[in-house]
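Engineer: I'll drop the sequence and a predicted model, then ask my questions.
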Amino acid sequence: MSEHIASEHVSAEEAIADSVVPNPMHHNDPEHIRKEIRVYLTVFGSLAVLTIATVAVSYLHLDVRWAILVALSIACVKGFLVAGYFMHMLSEKKLIYAVLALTVFFFAMLLWGPWGHHYDTFGR
Amino acid sequence: MAEKRQVRVGREWLAPRDAEKALREAIRVQKEQERHHQLEHHPLGFWRTYVFSTDHKWIGLQYGFTALCFLLFGFSLMLLMRLQLGWPGHAFSIMKVLGETRAPGGNLLPEAYNQLGAMHGTIMVFLAIVPLAVGAFGNYLVPLQIGAPDMAFPKLNMASYWCYLSGGLVMLASFAAPGGTAQSGWTSYPPLSVIASQGQTWWLFGMILLITSSLLGSVNFIVTIIQLRTKGMTFMRLPFFVWAQFVTSFLLLLAFPPLEAAGVLQLMDRLAGTSFFLPSGLVVSGTRLMNAGGGNPLLWQHLFWFLAHPEVYVLILPAMGIVAEVIANNTRKPLWGYKSMVFATVFLGFMSFVVWAHHMFLTGMGTAISAFFQTTTMIISIPSVIILSSLFLSLWGGSIRFNTPMLFALAFLPMFGIGGLTGLPLGLAAADIHLHDTYYVIGHFHYVVAPGTIFAMFAGIYYWFPKITGRKMSERLGKLHFWMSLIFINGVFFPMFIQGLAGVSRRLYDGGAQYAHAQPVLKTNVFMSVSAWLLLIGQVPFIINFFKSIKWGELVDSNPWQATTLDWAATTSPPLAHGNFEHLPVVRRGPYEYSVPGSETDFIPQHAVTGEEPQGGGGMLVQSAVAQKEA
Amino acid sequence: MTVELEIPYNVHARPETGLYNAKLGVWLFLASEVMLFGALFSSLILIRTSAEHWPRGWEEGLNIPLATLNTFILIASSVTVVLAWANFRLGNVKRGRLLLLATLACGFGFMIIKTIEYYAKFTAVPPHLPSTSNFFALYFTMTGLHGLHVLGGMILFAYLSGPGFKMWEKEPERYVNRIEVVGLYWHFVDLVWIFLFPTLYLL
Ligand code: HEM
Ligand SMILES: [Cu+2]
């Protein structure tokens, strides 16, 4: 092509070539996967127990404040288990942490804003 | 004078006229080859090539063309509004296009005026500017500038366009809804929007489609920019335009979902009888509304502005990206403070999520919350100033080429400056109490978006037109377009500050005619309306130029502006239909290596290997021949 | 002359990020979903805290045993997806596919129970509708939107275990990636329910 400027080129395959190293996060050896499976089943058990716990507590008809505290604490632990183990967030890449950190901050702002405004209004 | 000089083409020295001929011949041969190549390798049918294409360039063009149509449509709605504002109570035969229900005998009805206003805002923001800035320019250029064969998810890209188009069509269809289209402003504040006629429901469905489209698009852009940068294209070597698109995508990704949720809630209010946004004991036209009550209209405002403030940066950041590219290219200098511009952009993006309630100072907001949002608003103006100052300083000492794209880019700077500076008083509650909901606010944001963003879009169109078509647009028509636009757009928007400071409210059907305090500034209404219609005439040269140049514009080589970025330097113009690059280029330096001391040419492409004689054909020499010819 | 059409890092991870495209894509999508449900939770907090009286879930006749059962179903379906993913990587194709179908079945179970709940609300005397009170407005809107997400996930699983299964033969790695990515989405849907269940039913 007459229009081309001298330069070095690389094909997509070449670009990929140095990354065909299997993703280190997915330890693909069977022993490791079996271990993973055991972890999943343990987490399942814990989630089940926590679900029963939170429902059981609800039958105590605690005062709203305490009920919220307990139920949301349990929900947070359950959320941690799902995100940490099922979604592998405990061993995720930095980039994903960065995206999620940003999201969590904005999420917090979003929860705070309308509510904060409501409590800081003239004439209240 | 240049006639006597000789320029080198390939290995030969030729007179300029012969050089030009040789050049054109080379271009013709190349185009021929490309066409053959495409025929051989891509037997995609008509539908897959032109309608349901997954090629980012074609999708970009689809976005661009659709968005320009909406831009013109939104503009014409405004022209009708300006007729009404300039001469309230007057009948105009052109109003009859709106139909007897909206403008009986050419007299615009108040509710029809509200429809025009609401749809003008909605169409301009969500259907014209954002799709043009992100969907069109972003789609077309980002993969080319980072050296990628396409976007990361081509099918998603296509889906995103079709969601956008459906959203647009729903918006258009809403004009035919009983009671007309949405009439509660582009902000759709409840309770009015909840009790408004059916058009509002269409508006909400349209918005949900548009938001979905933006979400798909933003995921695609972020993944593309992070994952598909070619070898050597580090983040600090990205053209500023790509950075702007990157931050923009994050804004779209994280700010739009709350509006989607709010849209769902408003739909529930309208269709399922809920009261998310309706307080208890609401009385409409003398009758008490039979709803559960207990809702909060301010909730909508929060969720809306949580999107809509970041949205204004979605409108401006890609524009800044385009202006930065055009300025670096036409000053033949590196951008001044590239790094600080990048950091400022990232910081700006972050801050734009924590200022939203400055649109709500007059909702009885207490001092603590108000102080918080005033502070963040003052802070966010710092990065804006950094970016603008860097662009201004980039001009210093450059040997500026005053071509049409550059003129638009240069005009962007002071226009955006006016828009930004007038934002500061609005960000301080004490001043905003006077200015809120007046024409001053309208002046403020239009300065940022119209002579700001839209001028940057024009700069981009003139600048990348040769990339897309292989032909340049006419400079003469371009300059005519520029000067008419610049003069008349200021005629439209500057008087708004005067009116606003005098206390004239926005969204008035009669332009303030029945208000005593508006009388001294009422004359400006006619002035603005005349300017608006002249502005329309100012766009005629552009439209002619655009279509004429597709067919008959001056043929140019692949890199007519002698630019350094990969989109120009490493691809043909127009680029290969699929895959963009014959081989992915390897990047060796930053994006703006202009006028490097000791270099043979005044620009070094990002991927060029220096220190060696260029091999084969001497492409670079052809380009330097053109450079010398122009000099 | 050939042109590079292939999109890099479609299947394999890019070394600097350690991610393949779709995985980054799905996490970004989930980030936006966090903001979507975040806005709904924000609305709930505002409307609840500004209400004079806010009923507890059971006072309004929400069916806690059924919802608990649904919680179990959803958690179980999360396990079946990760197990499917693990089994495909072990090469246990049959078991992997069965586990996908089990996930799909869980999705069905969840939706059926949800329908029963909704039906009971609509047919109660007086009926409990979204317009009845802000409590029910939030209940129906939030569980409804969540239900749509479940439905979306079911479509994905039906595709992956049905027509989309072809890919396993030709590009097994890519297929496994798909399971991982859809799995991530599904866990997120589970996660949302983990918070929805106590906030609407138990508090
Ligand atoms: C540079 C710093 C900026 C500051 C401090 C600022 C501040 C403000 C404030 C406080 C308001 C609310 C005024 C009111 O309603 O009383 C406002 C309105 C607005 N601004 Fe800005 N702004 C800035 C830049 C921008 C930019 C870059 C854009 C868009 C590209 C923009 C677009 C808008 C729009 C569209 C509105 C009005 C929305 C409406 O009420 O319909 N602003 N600005
Ligand atoms: Cu704002």
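Structural biologist: That came in fine, so what should we check first? Residues are numbered from 1 along each chain as shown, chains lettered A, B, ... in the order given. Ligands and ions are numbered 1, 2, ... in the order given.

Engineer: what about the host helix or strand of A:Leu69, average pLDDT?
Structural biologist: Taking DSSP states H and E as the definition, A:Leu69 sits inside helix A:64-81. The average pLDDT within helix A:64-81 is 96.

Engineer: check whether that helix contacts chain C.
Structural biologist: Yes - using Cβ under 8 Å from any Cβ of the partner chain as the criterion, contacts between helix A:64-81 and chain C involve A:Val64, A:Ala67, A:Ile68, A:Ala71, A:Leu72, A:Ile74, A:Ala75, A:Lys78, A:Gly79. Bear in mind the C-beta positions are built from the backbone N, C-alpha and C, glycine included.

Engineer: show me what contacts the last one?
Structural biologist: So the one you mean is A:Gly79. With contacts defined as Cβ atoms under 8 Å, 6 or more residues apart in numbering or on different chains, the neighbours of A:Gly79 are C:Leu191, C:Ile194, C:Phe195.

Engineer: what sits against B:Thr345?
Structural biologist: The contact partners of B:Thr345, taken as Cβ under 8 Å, 6+ apart, are B:Phe240, B:Trp243, B:Ala244, B:Val247, B:Leu317, B:Met320, B:Pro383, B:Ile387.

Engineer: Give me the subset of those residues lying in strands.
Structural biologist: Taking DSSP state E as the definition of strands, the contacts of B:Thr345 contribute nothing to them.

Engineer: Taking the residues you listed together, which two end up most distant?
Structural biologist: Between any two of these, the greatest separation by Cβ to Cβ is 13.6 Å, found for B:Phe240 and B:Pro383.

Engineer: the more surrounded of the two?
Structural biologist: Taking other Cβ atoms under 10 Å in any protein chain shown, B:Phe240 and B:Pro383 do not tie; B:Phe240 has more neighbours (26 against 21).

Engineer: Confirm for me that the more buried one is in contact with B:Val323.
Structural biologist: No - using Cβ atoms under 8 Å as the test, B:Phe240 is too far from B:Val323 to be in contact (9.2 Å).

Engineer: contacting residues for residue 95?
Structural biologist: Picked chain A for this. Taking Cβ under 8 Å, 6+ apart as the criterion, A:Leu95 is in contact with B:Ile226, C:Thr17, C:Gly18, C:Leu19, C:Leu24.

Engineer: was after chain B, sorry
Structural biologist: Counting by Cβ under 8 Å, 6+ apart, B:Met95 makes contact with B:Leu80, B:Leu83, B:Ala103, B:Gly106, B:Asn107, B:Leu108.

Engineer: tell me the domain boundaries of chain A?
Structural biologist: Segmentation of chain A into domains, based on automatic domain parsing, reads A:2-90, A:92-124.

Engineer: Adding distance to ligand 1, write the ones you listed out as a markdown table.
Structural biologist: Converted to a markdown table, the domains of chain A look like this (distance: least, Cβ to the nearest ligand atom, whole Å):
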| stretch | distance to ligand 1 |
| --- | --- |
| domain A:2-90 | 35 |
| domain A:92-124 | 16 |
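
Engineer: could you pull out the helices for chain C?
Structural biologist: Assignment of helices within chain C using DSSP state H yields the ranges C:21-50, C:64-90, C:93-123, C:134-161, C:167-170, C:172-197.

Engineer: A:Tyr59 is nearest to which of those?
Structural biologist: Closest among those, using Cβ to Cβ: helix C:64-90, at 8.4 Å.

Engineer: Which positions in that closest one come out as buried?
Structural biologist: Along helix C:64-90, the positions that meet the burial threshold by neighbour count (16 or more other Cβ atoms under 10 Å in any protein chain shown) are C:64, C:67-68, C:70-90.

Engineer: Can you confirm whether that helix lies near chain A?
Structural biologist: Yes - Helix C:64-90 comes into contact with chain A (Cβ under 8 Å from any Cβ), by way of C:64, C:68, C:71-72, C:75-76, C:78-79, C:81-83, C:86, C:89-90.

Engineer: Next, the contact list for the closest residue to B:Lys479 other than its chain neighbours, please.
Structural biologist: If the residues on either side of it in the chain are set aside, B:Lys479 comes closest to B:Thr404, at 6.0 Å by Cβ to Cβ, 6 or more residues apart in numbering or on different chains. Contact partners of B:Thr404, counting by Cβ under 8 Å, 6+ apart, are B:Ala459, B:Tyr462, B:Met473, B:Glu475, B:Gly478, B:Lys479, B:His481, B:Phe482.

Engineer: and if you look at B:Thr363?
Structural biologist: Under the criterion of Cβ under 8 Å, 6+ apart, the neighbours of B:Thr363 are A:His117, A:Thr121, B:Leu298, B:Gln301.

Engineer: do the same with B:His434
Structural biologist: With contacts defined as Cβ under 8 Å, 6+ apart, B:His434 is in contact with B:Gly503.

Engineer: Same check on B:Ala450?
Structural biologist: Per Cβ under 8 Å, 6+ apart, neighbours of B:Ala450: B:Ile489, B:Val492, B:Phe493.

Engineer: where does the chain dip in pLDDT?
Structural biologist: Reading this off chain A. Applying pLDDT under 70 to chain A flags the ranges A:1-27, A:124.

Engineer: I was after chain B.
Structural biologist: Ranges of chain B meeting pLDDT under 70: B:1-13, B:16-17, B:20-21, B:24-25, B:27-28, B:31-32, B:34-43, B:611-631.

Engineer: Which residues of chain B lie near ligand 1?
Structural biologist: Residues of chain B that fall close to ligand 1, judged by Cβ under 6 Å from any ligand atom: B:187, B:312, B:315-316, B:358-359, B:377, B:381, B:384, B:420, B:423-424, B:426-427, B:432, B:435-436, B:441, B:444-445, B:448-449.

Engineer: Narrow these to just the buried residues.
Structural biologist: Counted by 16+ other Cβ under 10 Å, the residues of chain B next to ligand 1 give B:312, B:315-316, B:358-359, B:377, B:381, B:384, B:420, B:423, B:426-427, B:432, B:435-436, B:441, B:444-445, B:448-449 as buried.
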